[in-house]
Structure formats: C-alpha cells, structure tokens
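Q: I'll drop the sequence and a predicted model, then ask my questions.
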Amino acid sequence: MIEVKLRTLTPIWTGNVDRDSPSLKDTGLLGSLRFWYEAWVRALGGSACDPTSKDKCEYKGKKISICHACQLFGCAGWARKFRIECTGLETSPLFLVTSSKINQGWLKRIFEKQHNALFGQASLKITADDKDNEDVLLATLSLISKYGGLGAKTQHGFGQFLIENLDTKRVENGLSTIRSSISEKTENASKPSLSNFFISKFKIDENSVIVDYYLTNPLTIGTSSSGYGKYIPCSFDIRYKGEIQGRSFGLRNYFREIYGTQVTERIFGYGKGESRQGSKLFVSHLYKENNFDKFYYFKVWGFISPKLSTKPNFSIDLREEIIKHMQSRFKPAQAVFDKAGYELEEVSK
Ligand SMILES: [Zn+2]
C-alpha cells in the first residue's frame, strides 16, 4: 500500500451535480489516471485502447491480447489490478472571476447546475497487486500534478494539485517499471499521447495589472470562498478572451487575430451542429503553491503537436506564440517550465 497526500491548488471539479458530500472518487480520479497513463504508454510506444470506443479491449484468455492500459486498469473479463481509498477534501462553493460581461453570461449558463467543487487536503491509499504497480500509479499521479490536472473540466482551470509526500525513489521505480513493460512498438498516432504534447508553466507577479484587477474588483460567478486569493479562477479569460484597462488578452483571441478561424479551431475545438471537437489546449487558473508566495503560477498544456503545420513547409510554434502573448500581456510574467512532450524526462530515454 502507498499513501499519497495531496493538496489542491485550484478546486477539483466533481461529476456529481450537487450531491451533498462529493468525494475525490466522484471527480473521475480513475478516469484521469487512466487517461494520463494511456497518453504516457503511447508515447513510449506501447498500446492503449480507448475504453470508450468500439475497439476497446476484451480479455479472451490471453493477457497479451489486451493493451497495456487495460492490463493495469482492467477491461471486460480482466479485473483492475489496484484499488484506491480516498479521504479528505472539503466542499467549496463554485466560484469564477472574469473581466468580461460576455464571459460572465456564458459562465453563468455553463455552470448553472453546479454549485460546489472540492478543495483542501486529501489522502489516497493505493493498494495494487504488487509494489511495482503501486509505483506506476504514483508516477502517473506525479505526471498529472506536473503537466496537467485532475478530474474533469481541467480546460476550465480546475484540478491543479501538489503531492506533499512524493517519494521520488518510488516514482523512479514506477518509471522504469513502465519502460520495461513495453517492448513492442505500436502506432497510436491519432490518440492523445505525450509525444504529441507540450506544457508551459508561467510565473506572474502578484503586483501585475491583471492580478490586481482580479483581486480587487472582478466580475464574479458564484459565491466566493475563503480559498480565494490562494487561487484566482480566471482561466476562461486566459484561454479565450479578457479585457482589462482597455487592453484585450486571451489565447484564442490572439490566435484568431493572427492565424484565422481554421487554425484556431484546430487548437481550441469547435461545435457546429452534429460535429464537435473538444479543445486540445488546457489552461489552469492562477494559483499560489504556498501562502507566502508573492506570485502566482499558471499552466498551459496541449495534447497537440507543439509545431502545428498549417501549410506545406510552414508550421506554427505554439509554445513560442503562447509565451510571446503571455509575456506581452501578463507583465511581468516568465515561463518557468516549457517543454515539448518528447523532451519530458518521463518520455525521453
Ligand atoms: Zn485496452
């Protein structure tokens, strides 16, 4: 058994609309673990089916007939190799801020039925069939903490967390366990993979104009809680569009102005009648890692190639564009971590 102590940096979204006492399990914890494990396994060349698709695995008497992800997470006929007990986290009122009246209207409609999220400290007890698999799950959780977010609606800023008791030796062992379990190479180009990925983490001064606006007099959605200030739930503005002191900012707006609608839809998704595609780009809320920090962090990550080719012999360097935009609008801001998926220590050999 391994006990993992988590601390949330931004609230975690719960899937159960207004249940009285949602738990970390209701946030889709298992779904997140599986999603990131799949993306990791694919980057290392292993096979991972999409459990929501028609081609998902089914165990038919031979372990090698099911993919790497199903071997650990289970599928029809094959039991999951671990269980997780969660305790802790408190219900916190759902609260968002924005600088735009239009966004405020949108967000009120999107989050109309949801009044709560989860915030605070949690303990996860992971018990697997063997110690190596516990380490694999710890390594996956650590990966999510560094490069993504936990639960649903991470594209809306939810689900940032730290592991407070990270045992790096066990993470290392988890890493080498995953590597040694993958020998053959499978082509999974069309599914989310850490080889088609990037992550940029920014640090922004708490005296910047933008932070000052959100801390003093923003437009709000929902009820503010005591956690406000530890995090600033404004990811919608950063991902789409905000305007402070007559100056607009926001990534979708920026890409649309420079590269047009088609390119922008490839990155940010679209929904037209029957055809829909989710966003490939995720933006966290602003958060402090510690109460005494004089700055905020936020992360931008994408399950998309950081070099997006749009025409023959031409590609857009997404990381460069995002950093350029952030540094011009979020002054003073700096990218403290910036890597393409293939550069991550977990993926490179
Ligand atoms: Zn599978």
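A: Done, it's in.
Q: how many neighbours does residue 301 have?
A: Residue crowding around residue 301 was assessed by other CB atoms under 10 Å; the count is 22. C-betas here are computed from N, CA, C, even on glycine.
Q: how about residue 125?
A: 13.
Q: specify the beta-bridge partners of it.
A: residue 3, residue 85 (DSSP bridges).
Q: so it touches residue 84, yeah?
A: Yes - in this structure, residue 125 is within contact of residue 84 by CB atoms under 8 Å, at 6.9 Å.
Q: how about the residues of the protein near the ion?
A: Residues of the chain lying close to the ion by CB under 5 Å from the ion are 49, 57, 67, 70.
Q: adding secondary structure and pLDDT, write those out as JSON lines.
A: Shown next, in JSON lines, are the residues of the chain next to the ion (DSSP: H, G, I helix; E, B strand; the rest coil; pLDDT from 0 to 100):
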{"residue": "49", "secondary structure": "coil", "pLDDT": "93"}
{"residue": "57", "secondary structure": "coil", "pLDDT": "94"}
{"residue": "67", "secondary structure": "coil", "pLDDT": "94"}
{"residue": "70", "secondary structure": "helix", "pLDDT": "96"}
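Q: buried only: go through these for me.
A: With burial judged by 16 or more other CB atoms under 10 Å, the buried subset of these is 49, 57, 67, 70.
Q: which residue is the nearest non-sequential neighbour of the last one?
A: Spelled out, that is residue 70. Distance criterion CB to CB, 6 or more residues apart in numbering; nearest residue to residue 70, sequence neighbours excluded, is residue 57 at 4.3 Å.
Q: the one you found and residue 258, how far apart?
A: Here the criterion is CB to CB, to the nearest Å. By it, residue 57 lies 42 Å from residue 258.
Q: phi and psi next, for the residue nearest to residue 70.
A: Note on residue 57: its backbone torsions stand at phi -70, psi 150 [degrees, to the nearest 10].
Q: distance of it relative to residue 38?
A: 12 Å.
Q: before we move on, what about residue 243?
A: Distance of residue 243 to residue 38, computed by CB to CB: 38 Å.
Q: what about these two, which has more around it?
A: Neighbours were tallied for residue 243 and for residue 38 using other CB under 10 Å; the higher tally belongs to residue 38 (27 against 17).
Q: rewinding a little: quick check, the residue nearest to residue 70 in contact with residue 67.
A: Yes - using CB under 8 Å, residue 57 is in contact with residue 67, at 5.3 Å.
Q: shared neighbours of those two, anything?
A: Common contacts of residue 57 and residue 67 (CB atoms under 8 Å, 6 or more residues apart in numbering): residue 49.
Q: show me where the protein dips below the pLDDT cut-off.
A: The chain contains residues with pLDDT under 70 at 16-21, 26, 349.
Q: rerun at 50
A: Within the chain, not a single segment meets pLDDT under 50.
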